[in-house]
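Undergrad: Sequence and predicted structure are below.
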Amino acid sequence: MNKCTDSDVQEMLPDLLHRALAEGERLRVEEHLATCESCQEDLDVLRTVKSAAVFAPSIDVDRVVRQIPPYRTIVPAVERPARTRVVSWLVAASLAIVVLGGGSVLLQSNGSPASNSPRYQQLPNRIAKAPEATKPGSTEPVVVPMAVVQPSIAPHPHALALAADADGLSDGSLVQLMNDMDGFDALPGSELDPVISVDSGDSL
Amino acid sequence: MTPSPEGRPQETDMELINRWRAGDGRAATRLVGRHSQALARFAASAGEREGIEELVQDTFVRAFASLDSFRGASTLRTWLFTIERRLMLDRRRAERRSRETVPVEETDHVSEYGALDGLIAEEAQERVRKSLDALSPTQREVFTLRVQQGLSYKEIAEVVGSTEGAARVHYHNAIKTVKEFLKDE
Ligand SMILES: [Zn+2]
């Protein structure tokens, strides 16, 4: 058998199998193959190897898709199932304080490590001012003026919890918010973390 | 958009990703359907025997969780292969560690894979598998990505964290070994 010296053609053989060659390249490879026994053998080997790839199990697409959370609720970190309900009530309670209390809220910080967690850093900017109240190591109570917690009401319950526009909440909408937060059990717990920090900063 | 075999315009991966970001869950189904089998084949070709479906699932969960970091510089499939390969390496490392700490009897790779194999395996497939077993892990990855998945050397280099030149060398050594093996059988 001949020893092939056309390394370009040798390298294009898998592309020929996958029909990934431009017309000109394909013609060149086929022309070469007509006279090169070594490349013919290579091509046979490649065909055999390619067709043997069917031994992979078939994948249940729906089952895979069911494991993929919707965009923006995905958090690659840990799950914290049992705590979310407690947390949502704490959120509700803190919001109620904000609503009823008027101009400012006293936040007690005790240096929660949660403010440093990777999950925390995924939060939207709208609550980015809150960490001032929870700097690790700080033992001073921090006063956060009402104006700090003042984004607009978001239509999505999820966004609503994070936005926490206490000014705009009537009694009816506060009830609505608390009902919405009950539904949070179905969401990954991590996005609620910063609210914990704002609320108490302790290690719930 | 590229035309599908039926002449219908087929959405690109990037278009499907954007639809998924906009809340269309069906776009995820299309993406998974489009790439899951290639991921399963890659895992099988790389020598994975068990839990291939879980591996593919983990790959997608991770990929979707970090889709914001996918800028489309490579193809989505290449990027998915990269993620899957890292998961396979993690898995092997974990398996090695558990073997070191808990002595277990040699498993005989029957299981789901063996059963499946028994149904569809033909002699040629068995021979190919044995020939791939004769390659080094990197040669095997490069060779199967090139031959079974049709990736370019540039894409392969990206997946295995190497250079195009090194991928070429691995490919040439691999085909030589496989050819010899299949000839001798
Ligand atoms: Zn040749």
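TA: Ah, there it is. Residues are numbered from 1 along each chain as shown, chains lettered A, B, ... in the order given.
Undergrad: what does chain A put close to chain B?
TA: A:10-11, A:14-15, A:17-18, A:20, A:41-42, A:45-46, A:48-65, A:67-71, A:74-76 (C-beta under 8 Å from any C-beta of the partner chain). For the C-beta atoms, the positions are set from N, CA and C on the backbone; glycine is no exception.
Undergrad: Which among the residues you listed count as buried?
TA: A:10, A:14-15, A:17, A:41-42, A:45-46, A:48-50, A:52-53, A:55-57, A:59, A:61, A:64-65, A:68, A:71, A:74-75 (16 or more other C-beta atoms under 10 Å in any protein chain shown).
Undergrad: The residues of chain A next to chain B: which ones sit near the ion?
TA: Among the residues of chain A next to chain B, no residue lies close to the ion (C-beta under 5 Å from the ion).
Undergrad: hang on, the earlier thing: cross the buried ones among the residues of chain A next to chain B against helices and list the overlap.
TA: A:10, A:14-15, A:17, A:41-42, A:45-46, A:48-50, A:61, A:64-65 (DSSP state H).
Undergrad: B:Arg34: helix or strand, and which one exactly?
TA: helix B:25-45 (DSSP states H and E).
Undergrad: which residues of chain B fall in helices?
TA: B:13-21, B:25-45, B:52-65, B:76-101, B:111-120, B:123-133, B:137-147, B:153-160, B:164-184.
Undergrad: how close does B:Ser66 get to A:Leu13?
TA: Noted for B:Ser66: a distance of 35 Å to A:Leu13, by C-beta to C-beta, to the nearest Å.
Undergrad: Between those two, tell me which one has more neighbours.
TA: Shown here are B:Ser66 and A:Leu13; by other C-beta atoms under 10 Å in any protein chain shown, A:Leu13 has more neighbours (22 against 13).
Undergrad: So what's the model's average confidence on stretch B:27-35?
TA: Stretch B:27-35 carries an average pLDDT of 96.
Undergrad: Report the backbone C-alpha coordinates of that stretch in CSV.
TA: Presented in CSV, the C-alpha positions along stretch B:27-35 are these (Å, rounded to 0.1, in the frame of the first residue of the first chain):
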residue,chain,number,x,y,z
ALA,B,27,-37.1,27.0,23.3
ALA,B,28,-35.3,25.0,26.0
THR,B,29,-36.9,21.8,24.7
ARG,B,30,-35.7,22.6,21.2
LEU,B,31,-32.2,23.3,22.4
VAL,B,32,-32.0,20.1,24.5
GLY,B,33,-33.5,18.1,21.7
ARG,B,34,-31.0,19.4,19.3
HIS,B,35,-27.8,18.7,21.3
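Undergrad: List the buried residues of it.
TA: B:Ala27, B:Ala28, B:Thr29, B:Arg30, B:Leu31, B:Val32, B:Arg34, B:His35.
Undergrad: next one: stretch B:175-185
TA: B:Ile175, B:Thr177, B:Val178, B:Lys179, B:Phe181, B:Leu182.
Undergrad: Same check on stretch B:61-76?
TA: Buried-residue list, stretch B:61-76, by 16+ other C-beta under 10 Å: B:Val61, B:Arg62, B:Ala63, B:Phe64, B:Ala65, B:Leu67, B:Phe70, B:Ser74, B:Thr75, B:Leu76.
Undergrad: What is the neighbour count of A:Arg28?
TA: 16.
Undergrad: is the ion contacted by the helix or strand containing it?
TA: A:Arg28 is located in helix A:23-35, with elements delineated by DSSP H and E. No: with C-beta under 5 Å from the ion as the criterion, the ion is not reached by helix A:23-35; the gap is at least 5.6 Å.
Undergrad: Correct me if wrong: B:Val142 contacts B:His170.
TA: Yes: the pair B:Val142 / B:His170 is scored as a contact, 4.0 Å apart, by C-beta atoms under 8 Å.
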